[in-house]
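>>> predicted model follows, preceded by the sequence.
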Amino acid sequence: MKFPITRESLQAFDSSKDAEELFEEEIQKHHNAILDSICFKFKRDIELNSKERRFVWRELHTLRIIYKTIDLGVGSTCKKINIDHYLPRFIEKLNETFIGCDIIVDPLKTYLIIDWS
């Protein structure tokens, strides 16, 4: 539910649709926070990674943990989170940040590589 809100919107309120929108907002917030963390570590370690021209982020498991711990509050419906559904969206955000770089995810989905070679 977004504020300010109109009478018509309140009359047409759908709690399941609102919960889904809230969930998506939380996913985006967490993606942005993780992306900020990756950028910080990338900048910090750029000298170490400049020879190989790749950065390895070994914390991909944090996405799975975050998806499982998003709490929408009282009355919300629990939903089974599938990392395969949200991972492409996260990689898309990485591609928007690391333009022209290859983003590689290992088959077990435990780490990813940002390759600018």
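That came in fine, so what should we check first?
>>> from now on I want contacts and neighbour counts done on CA atoms only, so please keep to that.
OK.
>>> most distant residue from the middle of the chain?
Arg7 (33.2 Å; Cα atoms, centre = their mean).
>>> run through the strands of the chain in chain order.
Taking DSSP state E, the strands of the chain run over residues 54-57, 102-105, 112-115.
>>> show the pLDDT at the residue farthest from the centre of the chain.
We have a pLDDT of 92 for Arg7.
>>> before we move on, what about the one 5 residues further on?
Per-residue confidence for Ala12 comes out at a pLDDT of 89.
>>> check the gap between it and Leu94 for me.
36 Å (Cα to Cα, to the nearest Å).
>>> those two: which is more packed in?
The residue with more neighbours, out of Ala12 and Leu94 and counting by other Cα atoms under 10 Å, is Leu94; that gives 20 against 9.
>>> tell me the contacts of the more buried one?
35, 103 (Cα atoms under 8 Å, 6 or more residues apart in numbering).
>>> that one and Gly100, how far apart?
10 Å.
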